[in-house]
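In: Show me how the following folds:
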Amino acid sequence: MTIIEARGLARTFRSRKRTVEAVRGVDLTVAEGEIVGFLGPNGAGKTTTLRMLTTLLSPTAGTATVAGADLLADPVGVRRRIGYVPQAIGATGGGSDPNATVAEELSFQARMYRVPAAGIAARAGRLAAQLELAGLEDRLVKTLSGGQRRRLDIALGLVHSPGLVFLDEPTTGLDPQSRSNLWEHIRKLRQELGTTVFLTTHYLEEADALCDRVLVIDYGRIVAAGTPEELKRRISGDVVTLSVSGDPGTARSLLANQPGVRDISLDGRALRLGVERGEEALPGLLRALDGAGIALESIQLARPSLDDVFLTVTGRSLRDDSSPARPDRVPAGASS
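Out: All right, here's what the predicted structure looks like:
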């Protein structure tokens with residue numbers, strides 16, 4: 001079952017001097033029960049798309065159905081059916097009252113979503129247990145650690161039992177241990193609650209570890225989509241590095257025509273081969289060298305990372321803020 005379907009979703013910002021196309025016709029589909037990562041360089045349209053899908057920004061064009069409600073015709077219905085956890089803001093994170101207790105925040109959020117009063121305490125207790133907040137109910141929000149604060153943010157986004165939750169940069173600012181801990185809780189959202197998760201992140205290892213599928217947006221359009229493994233193989237391939245005795249040029253000429261070899265380069269005496277499937281290509285490469293009497297000194301197989309994929313499809317690193325500015329960069333005051 002499809003829980004998000006967007007077609008031609010676009011957003012244009014207009015200023016006195018120019019028109020900026022922040023999102024230029026995004027098509028995307030998310031199935032129920034998936035964990036989907038949404039990646040993009042700064043200014044690529046990622047945040048604008050997220051804000052449109054969560055009804056915080058009206059599309060200029062296009063259509064979308066989110067959690068069974070039409071984004072344009074029934075934005076209130078969308079809001080009732082989704083959870084949204086924004087980026088952490090300031091020292092205490094999110095938009096909670098730092099002087100409220102954990103229990104008060106959960107109760108207030110539940111009432112805002114019109115959860116029946118008789119069920120609020122039980123629902124808050126269940127979420128506290130699932131997100132390791134049990135025993136912290138009487139603590140003030142401002143006294144929580146960063147990891148506890150983010151888990152509370154997620155609990156607030158789930159208190160009305162949505163089938164779909166949007167997590168915007170959920171682990172930004174957390175230390176590695178807290179980040180890893182939160183990953184486990186995000187996995188459990190799907191495993192234990194059946195929640196579909198749509199998350200944005202600046203950590204490629206996070207997307208690799210958590211996501212069933214990854215969508216990459218750049219210049220306002222989706223430029224790559226697939227499972228992390230599919231994207232690595234399809235876009236970057238594997239890398240085999242060989243060192244041989246004798247003339248590496250001879251080995252280069254020999255291996256360049258082997259099945260599965262996409263490109264080959266020479267770095268000193270080491271040969272670097274881009275191959276489609278390293279584990280399948282290796283036996284043939286070794287047989288070719290042995291048949292030609294070329295002795296192998298060392299061999300290394302490297303798997304590509306999502307960073308390699310991202311660099312391939314966008315020409316820049318996800319955290320590269322020094323890349324050339326887009327010609328249609330969103331003006332100050334408009335989100336991209």
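
In: Could I get the full set of helices for the stretch 1-150 of the chain?
Out: For the stretch 1-150 of the chain, applying DSSP state H, counting those that start in this stretch gives helices covering 46-53, 75-81, 102-112, 117-130, 146-158.

In: where does this structure dip in pLDDT?
Out: 89-95, 317-336 (pLDDT under 70).

In: Just give me how far stretch 284-302 sits from the chain centre.
Out: Put simply, stretch 284-302 sits 38 Å off its chain's centre (Cα atoms, centre = their mean, to the nearest Å).

In: cool, and stretch 112-132?
Out: Taking mean C-alpha positions (Cα atoms, centre = their mean), stretch 112-132 and its chain are 28 Å apart.

In: With just CA atoms, put it into PDB.
Out: Listed next in PDB are the C-alpha coordinates belonging to stretch 112-132 (Å, rounded to 0.1, in the frame of the first residue of the first chain):
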ATOM      1  CA  MET A 112      -3.900  19.000  20.900                       C
ATOM      2  CA  TYR A 113      -4.500  15.900  18.700                       C
ATOM      3  CA  ARG A 114      -7.800  15.300  20.600                       C
ATOM      4  CA  VAL A 115      -6.700  11.900  21.900                       C
ATOM      5  CA  PRO A 116      -9.500  10.800  24.300                       C
ATOM      6  CA  ALA A 117      -8.600  11.900  27.900                       C
ATOM      7  CA  ALA A 118      -9.100   8.400  29.300                       C
ATOM      8  CA  GLY A 119      -6.400   7.000  27.100                       C
ATOM      9  CA  ILE A 120      -3.700   9.700  27.300                       C
ATOM     10  CA  ALA A 121      -1.900   8.300  30.400                       C
ATOM     11  CA  ALA A 122      -1.700   4.800  29.000                       C
ATOM     12  CA  ARG A 123      -0.500   6.000  25.600                       C
ATOM     13  CA  ALA A 124       2.200   8.400  27.100                       C
ATOM     14  CA  GLY A 125       3.400   5.600  29.400                       C
ATOM     15  CA  ARG A 126       3.700   3.200  26.500                       C
ATOM     16  CA  LEU A 127       5.700   5.700  24.400                       C
ATOM     17  CA  ALA A 128       7.900   6.500  27.400                       C
ATOM     18  CA  ALA A 129       8.700   2.800  27.800                       C
ATOM     19  CA  GLN A 130       9.300   2.200  24.100                       C
ATOM     20  CA  LEU A 131      11.600   5.300  23.800                       C
ATOM     21  CA  GLU A 132      13.500   4.800  27.100                       C
END
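
In: list the buried ones in it?
Out: Within stretch 112-132, the residues that count as buried by 16 or more other Cβ atoms under 10 Å are 115, 120, 123-124, 126-128, 130-131. The C-beta positions use only the backbone N, C-alpha and C, and glycine is treated the same way.

In: circling back: so of the helices of the stretch 1-150 of the chain, which one's packed in deepest?
Out: helix 46-53 (a mean of 26; mean count of other Cβ atoms under 10 Å).
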